[in-house]
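**Student:** can you look at this prediction? I've put the sequence above it.
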Amino acid sequence: MPSKQTKLLRNISKDFSTTNFEHNYRQRKMSTSFCEITGGIGLRLSTLCRAYSRRGMTFRNESFVPLISCQGENYAVKTNKRQNVQEINASNNYFKKASKLLIVLLLPVALLFGFSCEGLKKQAIHGNFLNETECSQTCRIKLVQSTPDNLTFATVTRSHSTYSAWNSLIKNSKKELILAAYKTSLRGKHVLNDDNCQLHSNQGSKIYDALVEAGLKRKIRIRMIENYPPKDKGDNEDGINFAKTGVISRRNLNLEYLFGGGRMHTKFIISDFEHFYLGSANLDWRSLNQKLELGIIVENCLCLAKDLSNIFEKYWEIAGDKYKSDNNEHLEKYLETNQRIIAYNEQRPLSISNEHVLADASPRSLNDLGRDWDLFAILNAIEKTTKFLYIEVMDYFPMFVYNLPRRYWPVIDNAIRRAILRGVEVKILTAAIHFPEYSLRFLSSLEALNRINDSSMEVKIFKVPTDVSMQHIMKRERRMHTKFLVTDTVAVIGTSNWSGDYFDGGTTGVAFVLNQTKASLEKRHFIRDLRYIFLSHWLVIVSTRV
């Protein structure tokens, strides 16, 4: 029989939704809290912490009261809802004393086994402890991008190509490659006829050959997780062929089947748990020379690469055969009890020279304890900027546009409007590919705020021209596909388009967050380079106003 506190928790859980999400976000300042301490040594409270974290709730002393029931269950509930205050107040004093006593009793245990929060911060997925100082001294971060054939930019930008980044990761791998892919269509033959394959998809074919050589000749262990079911013809063809020929070990991740919605939209490649690519580019020939893409390659960064690989391991596990049944009790139990320790988040980023970096992810339901939601990274960047906010994303919707019925989702949109009212210079560059009848209306409403409080609010639509002879084949393939923002201090480079479906609809995504707030203006090289890239795209002739 559920206890009174258990029932109360469930009622509050149902009450919490996106409607009061922004209020919770603005109060969010996580600290080394009761949840972190007890979660770190495996007590059952961590399960509740995770459950509420997935709903956007946080655990601050002034907002939450730990409740310990007679059955030994540990809970934490939000008590700032008026209707719940009276019900809890009667037992507040007892529970506060009990929670303090529990912490005192557990502290020697934590010290005895060495599971302090600082120690857990350094724990890798294989149980190894990393030398963070050494790691931070060797990490190298570079911007990489893909530019559509026959498209040039007036401004010279400092970046490497997506093709060279992928090729380097694959050919220099010594032991293992892991790939998270929304699609695998590296060879153009799945879309193009034989005469056009070599001309338009030669870079994709070279990546395909490099993976075959790594898996079959060099005996590199290659694992791939891929979205299922595929959206378009040929999306999974190369992944299927890799698996059939023994090049890779491959699993499909069907989030719609497992959770009732969402897509596996994450895109990264990790080599030897030390180097990785993360960005907007799919494992697709079009992402190398037909679409405008942006990402990063991070080299010699064991601690961050292993932290990112935790995300892959979660995908890999839930895509296994034992969870492919109509009974999802085993899956729920796995998600509740199998939590890897996340080394880095907003409060504990990895320091590299004058930069703070970390990897955030969606959906919250799949995030391990301590992993920040990538939506929070975007909102933090927008809320804290004082000078400029440049956004480049293929699709922008303040709504759920794919999940029916369509619903209003103004979380990011409201943050942008607040930035405009603060006098921030805002530029949004988008492709408006899908449902332009919706996105253009929202973008126009933002642009209508131009010049309020001396702000600047501009929107442009980026269209990639296609040769007449190829329009019947690639009428929608040549596009801007980037997903990033840059402010005067922060860069967020992700894999998700900006709508409720991606951040709050069950779809997976990952974002790389780099903060240079503590660096002087002249030393913010990454911010400077990413800003130059954005402006080069903004100024190109194929950008038009809404």
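**Tutor:** Right, received. Where do you want to start? Numbering: from 1, shown residues only.

**Student:** C-alpha from now on. contacts and neighbour counts both.
**Tutor:** Noted.

**Student:** residues near S353, how many?
**Tutor:** Using other C-alpha atoms under 10 Å, S353 is surrounded by 12 other residues.

**Student:** next, it: phi, psi?
**Tutor:** phi 60, psi -120 (degrees, to the nearest 10).

**Student:** and for K174?
**Tutor:** phi -110, psi -30.

**Student:** and it, how far is that from L514?
**Tutor:** 28 Å (C-alpha to C-alpha, to the nearest Å).

**Student:** now do P229
**Tutor:** Taking C-alpha to C-alpha, one finds P229 at 33 Å from L514.

**Student:** of the two, who's got more company?
**Tutor:** The neighbour comparison of P229 against L514 (other C-alpha under 10 Å) goes to L514, with 24 against 17.

**Student:** OK, contacts around the more buried one?
**Tutor:** E355, H356, V357, L358, V490, A491, V492 (C-alpha atoms under 8 Å, 6 or more residues apart in numbering).

**Student:** before we move on, what SS does the second one have?
**Tutor:** Per DSSP: H, G, I helix; E, B strand; the rest coil, the local secondary structure of H356 is strand.

**Student:** hey, what's it bridged with?
**Tutor:** Listed beta-bridge partners, H356: S351, N515 (assigned using DSSP bridges).

**Student:** how many residues are close by it?
**Tutor:** The local packing of H356 (other C-alpha under 10 Å) involves 22 other residues.

**Student:** and the strands in the stretch 101-250 of the chain, which stretches?
**Tutor:** For the stretch 101-250 of the chain, the strands defined by DSSP state E, counting those that start in this stretch occupy 140-146, 160-161, 176-181, 184-185, 221-227, 249-253.

**Student:** dump the last one to CSV, keeping only the CA atoms.
**Tutor:** Once side chains and other backbone atoms are set aside, the C-alpha atoms of strand 249-253 remain, and they are given as CSV (Å, rounded to 0.1, in the frame of the first residue of the first chain):
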residue,chain,number,x,y,z
SER,A,249,28.3,-4.5,-34.8
ARG,A,250,25.1,-2.5,-35.3
ARG,A,251,21.9,-2.0,-33.3
ASN,A,252,18.7,-0.1,-34.2
LEU,A,253,17.3,2.3,-31.7
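
**Student:** same question for whichever helix or strand comes after it: list its buried residues.
**Tutor:** Downstream of strand 249-253, the next assigned helix or strand under DSSP states H and E is helix 255-259. By 16 or more other C-alpha atoms under 10 Å, the buried positions in helix 255-259 come out as L255, L258.

**Student:** which residues are in contact with helix 255-259?
**Tutor:** With C-alpha under 8 Å, 6+ apart, helix 255-259 has contacts from Y228, G261, G262, R263, M264, Y323, K324, N328, G506, T507.

**Student:** pull out the buried members of these.
**Tutor:** Of the contacts of helix 255-259, these count as buried by 16+ other C-alpha under 10 Å: Y228, G262, R263, M264, Y323, G506, T507.

**Student:** tell me the pLDDT of the last one.
**Tutor:** Predicted confidence (pLDDT) for T507: 96.

**Student:** contacting residues for it?
**Tutor:** L255, G261, G262, R263, M264, H265, S362, P363, D501.

**Student:** any chance of the contacts of helix 255-259 in JSON lines, plus distance to I420 and secondary structure?
**Tutor:** Below are the contacts of helix 255-259 laid out as JSON lines (distance: C-alpha to C-alpha, whole Å; DSSP: H, G, I helix; E, B strand; the rest coil):
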{"residue": "Y228", "distance to I420": "40", "secondary structure": "coil"}
{"residue": "G261", "distance to I420": "34", "secondary structure": "coil"}
{"residue": "G262", "distance to I420": "32", "secondary structure": "coil"}
{"residue": "R263", "distance to I420": "32", "secondary structure": "coil"}
{"residue": "M264", "distance to I420": "33", "secondary structure": "strand"}
{"residue": "Y323", "distance to I420": "46", "secondary structure": "helix"}
{"residue": "K324", "distance to I420": "47", "secondary structure": "coil"}
{"residue": "N328", "distance to I420": "45", "secondary structure": "coil"}
{"residue": "G506", "distance to I420": "30", "secondary structure": "coil"}
{"residue": "T507", "distance to I420": "29", "secondary structure": "coil"}
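
**Student:** what residue ranges in the stretch 251-400 of the chain score low on pLDDT?
**Tutor:** Scanning the stretch 251-400 of the chain with the threshold set as pLDDT under 70 gives 326-327.

**Student:** try it again with 80
**Tutor:** 324-330, 341-343, 353-354 (pLDDT under 80).

**Student:** likewise for the stretch 101-250 of the chain?
**Tutor:** Applying pLDDT under 80 to the stretch 101-250 of the chain flags residues 101-136, 154-159, 189-199, 233-234.

**Student:** now stretch 165-174, how far from the chain's geometric center?
**Tutor:** The chain centroid and the centroid of stretch 165-174 are separated by 23 Å under C-alpha atoms, centre = their mean, to the nearest Å.

**Student:** hmm, I typed the wrong one, I wanted stretch 289-305.
**Tutor:** 13 Å.

**Student:** check the separation of the first and last residues in it.
**Tutor:** Stretch 289-305 stretches 27 Å from its first residue to its last (C-alpha to C-alpha).

**Student:** do stretch 366-378 as well
**Tutor:** So stretch 366-378: terminal residues 19 Å apart, C-alpha to C-alpha.

**Student:** got the contact list for that stretch?
**Tutor:** 25, 39, 46, 50, 54, 311, 314, 335, 339-346, 359-364, 412, 485, 492, 503, 509-511, 513.

**Student:** how about it: buried residues?
**Tutor:** 366-378.

**Student:** these two touch, right, F273 and A305?
**Tutor:** Yes: counting by C-alpha atoms under 8 Å, F273 touches A305, with 5.3 Å between them.

**Student:** list just the one of the strands of the stretch 101-250 of the chain that sits closest to R528.
**Tutor:** Across the strands of the stretch 101-250 of the chain, R528 has its closest neighbour in strand 140-146 (11.4 Å, C-alpha to C-alpha).

**Student:** packing partners of the closest one?
**Tutor:** Applying 3 or more C-alpha pairs under 8 Å, 6 or more residues apart in numbering; DSSP states H and E, one finds that strand 140-146 contacts strand 160-161, helix 162-171, helix 286-289, strand 293-299.

**Student:** beta partners for M457?
**Tutor:** V426.

**Student:** read off the pLDDT value for it.
**Tutor:** The predicted local confidence for M457 is 97.

**Student:** residues touching it, list them.
**Tutor:** I420, E425, V426, K427, L446, E447, A448, L449, N450, R451 are the contacts of M457 under C-alpha under 8 Å, 6+ apart.

**Student:** one more time with 7 Å
**Tutor:** M457 makes contact with E425, V426, K427, E447, L449, N450, according to C-alpha atoms under 7 Å, 6 or more residues apart in numbering.

**Student:** now for T337, how many residues are close by?
**Tutor:** Neighbour number of T337 under other C-alpha under 10 Å is 12.

**Student:** can you give the domain ranges for the chain?
**Tutor:** Domain segmentation of the chain under automatic domain parsing yields 4-120, 141-341, 357-545.

**Student:** and those: which comes nearest L350?
**Tutor:** Using C-alpha to C-alpha, the domains of the chain put domain 357-545 closest to L350, at 5.3 Å.

**Student:** hmm, back to that, hey, which of the strands of the stretch 101-250 of the chain is tucked in deepest?
**Tutor:** The highest average neighbour count among the strands of the stretch 101-250 of the chain, using mean count of other C-alpha atoms under 10 Å, belongs to strand 184-185 at a mean of 26.

**Student:** if anything else comes up later, I'll come back, but that's it for now.
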